[in-house]
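*Asks:* fold the following for me, if possible:
(chains A, B and C)
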Amino acid sequence: MPNLGKYADAVLSAYAVTLTLLAAIVLLSLWRSRRVRAELQKLEERHKSDG
Amino acid sequence: MSRASIWEYANPRTFITTTDKVLPPIAWAAAACLIVGLVWGFFFTPDDFRQGSTVKIIYLHVPAAMMAINAWLMMLVASIIWVVRRHHVSALAARAAAPVGVVMTLITLFTGAIWGEPMWGTWWAWDPRLTSFLILFLFYLGYVALWSAIENDETAADLTSILCLVGSVFALLSRYAVNFWNQGLHQGASLSLDKEENVADVFYFPLLVCIAGFVLLFLALVLMRTRTEIRARRIRAIMARERHA
Amino acid sequence: MIALLLRDLRLAIRAGGGFGLALAFFLIVTVLVPLSVGPQSDRLAIIAPGMLWLGALLACLLSLDRLFALDWEDGSLDLLATSPMPLEAVAMVKSLAHWLTTGLPLILATPVFALMLNLPGHAFSALLLSLLLGTPALSVIGAFGAALTVGLKRGGLLLSLLVLPLYVPTLVFGAEMARRAAETQTFQTPMLMLAGITCGTIALLPFASAAVLRANLR
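*Replies:* Purely as a prediction, here's the structure:
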């Protein structure tokens, strides 16, 4: 851990905010991607079985 | 497939099969660049003699700000392509990019405020740069809200792309309006940190890696989200057909 | 075209909404300003130009959702779209009608409100000029926003979210012009910028509004 001096709070909170926001958008995108893909697969299979 | 051209990727199916191959390497490269750049920047760069350790915020603030603007530019290009050539992938890519742009703008605003507090003694000032970023954020919000408000895909794509075109002009005008308005009022706020001139090499190279990381991350997110939007649109189409049958 | 303009004006007057509501809203904003920042007249004089501009802008915004909504509901917008008159002209005429029923009354009422906010006497003409130059842009931009949200059931809030960022340049230059006049500085530059923005929006934005209306009507 580098010595951040008196600005430790500022630097750490900036990194925390950024990483949280980035993680949020990445996870949200992944989660929605997975859900939509599964739903589409289900629909298409049903269509195939319907003929 | 005889005539190779970039418009082939406008076919949703081609887009999906191509990005199947391209997306994982981009995502891994993004992760690698971000980790290397941020670790390098956070642990292995010296403190600035004036700014102390707050200079480390640059590795987040500057790339996020660049991507916030570039995301809007990408949406603008995609909107023009939709208006001119009506490729659905392009409209969906614009839609997919907007929330990523929102997040980038938020990161810029937050890290800027956190950086501003120890450096200028204030979290927020109505400086031209800060104000125009806030206005950009409002434009993003309106754009995202309009997309989610309209049910018909085609209409939503039309309306949002025109909003993006008009909004770009007005965002630019706003940028110059607030620029003008601060002149002679406050002292010219010395907030700009021109990389090429001010930042020494020790900060510059990790910054470049971070910028590459943010660009790749943006690319990966947009590709993934565009794929999701294509599939979601297909689901809606199938559902509509079922309802009619 | 003139027939459409007259019809819109007649409807607005008969419904009473356009005129009355926007003016009353402007009045309320003007009353609330001293109530919220305190009655000291020198403080009011400083913020008067900006507050009057903001009040006029919000009053303008308030009446936008009626711009196309009524015609959309009763189907006359479809008729207008199939009529020989281009939709661009329709959008233009509608904005003009909106300006005549909202912008113009607001400008006429502004001197009274400016007195209430203790605006310096020498700034009145510049404030009125800035509103005269700026409010047409507000109506035209507003018509674009109204066209975007015309098909939505509850588009009012979205309309504000879409239109307010577009109002930024007009507001900045308009209020800046009035402020400089109040502080006895020259205000030629913001005046020219304001006029330029208004001319540009009047010339170009009806095309965007018409394109949006076409997409909505399809």
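*Asks:* need phi/psi at the residue of chain C found nearest chain A.
*Replies:* For chain C, the residue closest to chain A is C:L161, as judged by C-beta to the nearest C-beta, at 21.1 Å. Where you see a C-beta, it was placed from the backbone N, CA and C, and this is true even at glycine. The main-chain torsion angles of C:L161 are listed as degrees, to the nearest 10 and equal phi -60, psi -40.
*Asks:* spatially nearest residue to it (excluding sequence neighbours)?
*Replies:* Counting by C-beta to C-beta, 6 or more residues apart in numbering or on different chains, C:L161 lies nearest to B:G142, which is 4.9 Å off, once chain neighbours are set aside.
*Asks:* that neighbour in helix, strand or coil?
*Replies:* helix (DSSP: H, G, I helix; E, B strand; the rest coil).
*Asks:* measure it to chain A for me?
*Replies:* B:G142 is 19 Å from chain A, where distance means C-beta to the nearest C-beta, to the nearest Å.
*Asks:* any residue of the helix or strand harbouring B:E117 touching chain C?
*Replies:* Using DSSP states H and E, B:E117 maps to helix B:88-120. No. Residues of helix B:88-120 are not located near chain C by C-beta under 8 Å from any C-beta of the partner chain, the shortest gap being 11.9 Å.
*Asks:* for that helix, which positions count as buried?
*Replies:* Of the residues in helix B:88-120, B:88-119 count as buried by neighbour count, 16 or more other C-beta atoms under 10 Å in any protein chain shown.
*Asks:* verify the stated contact: B:Y59 with B:I35.
*Replies:* No. Using C-beta atoms under 8 Å, B:Y59 and B:I35 do not qualify as a contacting pair, with a distance of 11.9 Å.
*Asks:* who's more crowded, those two?
*Replies:* For B:Y59 against B:I35, the residue with the higher neighbour count under other C-beta atoms under 10 Å in any protein chain shown is B:Y59, and the figures read 29 against 12.
*Asks:* and the closest residue in space to the more buried one that isn't next to it in sequence, what are its phi and psi?
*Replies:* Spatial nearest neighbour of B:Y59, excluding adjacent residues (C-beta to C-beta, 6+ apart): B:G41 at 3.8 Å. Torsion angles at B:G41 (phi, psi; degrees, to the nearest 10) stand at phi -70, psi -40.
*Asks:* now do B:G41 against B:M224, distance only.
*Replies:* Counting by C-beta to C-beta, to the nearest Å, the gap from B:G41 to B:M224 is 26 Å.
*Asks:* settle it for me: which of the two has more neighbours?
*Replies:* Neighbours per residue (other C-beta under 10 Å) separate B:G41 from B:M224, with B:G41 holding more: 23 against 20.
*Asks:* surely C:V90 touches C:A210?
*Replies:* Yes. Look at C:V90 against C:A210 with C-beta under 8 Å: they come within range, at 7.3 Å.
*Asks:* okay, the two: which has more neighbours?
*Replies:* Between C:V90 and C:A210, counted using other C-beta under 10 Å, the more crowded position is C:V90 (24 against 21).
*Asks:* secondary structure element for that one?
*Replies:* Per DSSP H and E, C:V90 falls inside helix C:87-98.
*Asks:* the very next helix or strand once past that helix - contacts with which helices or strands?
*Replies:* Helices and strands here follow DSSP H and E; after helix C:87-98, the next one along the chain is helix C:104-116. Packing partners of helix C:104-116 (3 or more C-beta pairs under 8 Å, 6 or more residues apart in numbering or on different chains; DSSP states H and E): helix C:17-37, helix C:41-62, helix C:124-148.
*Asks:* would you mind giving those as CSV with mean pLDDT, distance to A:R34 and mean neighbour count added?
*Replies:* Shown next, in CSV, are the helices and strands packed on helix C:104-116 (pLDDT from 0 to 100; distance: least, C-beta to C-beta, whole Å; neighbours: other C-beta atoms under 10 Å in any protein chain shown):
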stretch, mean pLDDT, distance to A:R34, mean neighbour count
helix C:17-37, 84, 48, 16
helix C:41-62, 90, 41, 20
helix C:124-148, 93, 33, 25
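*Asks:* compare these and report which one is nearest to C:A181.
*Replies:* Closest approach to C:A181 among the helices and strands packed on helix C:104-116 is made by helix C:124-148 (3.1 Å; C-beta to C-beta).
*Asks:* need the residues of chain B near chain C, please.
*Replies:* Taking C-beta under 8 Å from any C-beta as the contact definition, chain B meets chain C at B:135, B:138-139, B:141-142, B:145-146, B:149-150, B:154-155, B:158-159, B:162-163, B:165-167, B:170-171, B:173-174, B:176-178, B:180-181.
*Asks:* out of these, which end up buried?
*Replies:* Neighbour-count burial within those applies to B:135, B:138-139, B:141-142, B:146, B:149-150, B:155, B:158-159, B:162-163, B:165-167, B:170-171, B:173-174, B:177-178, B:180-181; the criterion is 16+ other C-beta under 10 Å.
*Asks:* show me those that map onto strands.
*Replies:* Counting by DSSP state E, none of the members of those fall within strands.
*Asks:* so, low pLDDT: which residues of chain B?
*Replies:* With pLDDT under 70 as the threshold, chain B has low-confidence stretches at B:1-10, B:181-200.
*Asks:* in it, which spans are helices?
*Replies:* Remark: helices of chain B, listed N- to C-terminal, are B:12-43, B:58-85, B:88-120, B:128-149, B:153-182, B:195-198, B:201-244; assignment by DSSP state H.
*Asks:* let me have those in JSON lines, adding distance to C:T30 as columns.
*Replies:* Putting the helices of chain B into JSON lines (distance: least, C-beta to C-beta, whole Å) gives the following:
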{"stretch": "helix B:12-43", "distance to C:T30": "52"}
{"stretch": "helix B:58-85", "distance to C:T30": "37"}
{"stretch": "helix B:88-120", "distance to C:T30": "32"}
{"stretch": "helix B:128-149", "distance to C:T30": "25"}
{"stretch": "helix B:153-182", "distance to C:T30": "23"}
{"stretch": "helix B:195-198", "distance to C:T30": "47"}
{"stretch": "helix B:201-244", "distance to C:T30": "46"}
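*Asks:* could you say what helices and strands the helix or strand containing A:L40 packs with?
*Replies:* Per DSSP H and E, A:L40 falls inside helix A:8-50. If you count contacts as 3+ C-beta pairs under 8 Å, 6+ apart, helix A:8-50 packs onto helix B:58-85, helix B:88-120, helix B:201-244.
*Asks:* and if we set it to 10 Å?
*Replies:* Under the contact criterion of 3 or more C-beta pairs under 10 Å, 6 or more residues apart in numbering or on different chains; DSSP states H and E, helix A:8-50 touches helix B:12-43, helix B:58-85, helix B:88-120, helix B:201-244.
*Asks:* residue contacts, residue 30?
*Replies:* Because you didn't say which chain, this covers chain A. Neighbour list for A:L30: B:221, B:224-225, B:228 [criterion: C-beta atoms under 10 Å, 6 or more residues apart in numbering or on different chains].
*Asks:* wrong one, I was asking about chain C
*Replies:* Taking C-beta under 10 Å, 6+ apart as the definition, contacts of C:T30 comprise C:48, C:51-52, C:55-56, C:109-110, C:112-117.
*Asks:* check C:L166 too.
*Replies:* By C-beta under 10 Å, 6+ apart, the contact list for C:L166 reads B:138-139, B:142, B:163, B:166-167, B:169-171, B:173-174, C:137-138, C:141-142, C:144-145, C:201, C:205.
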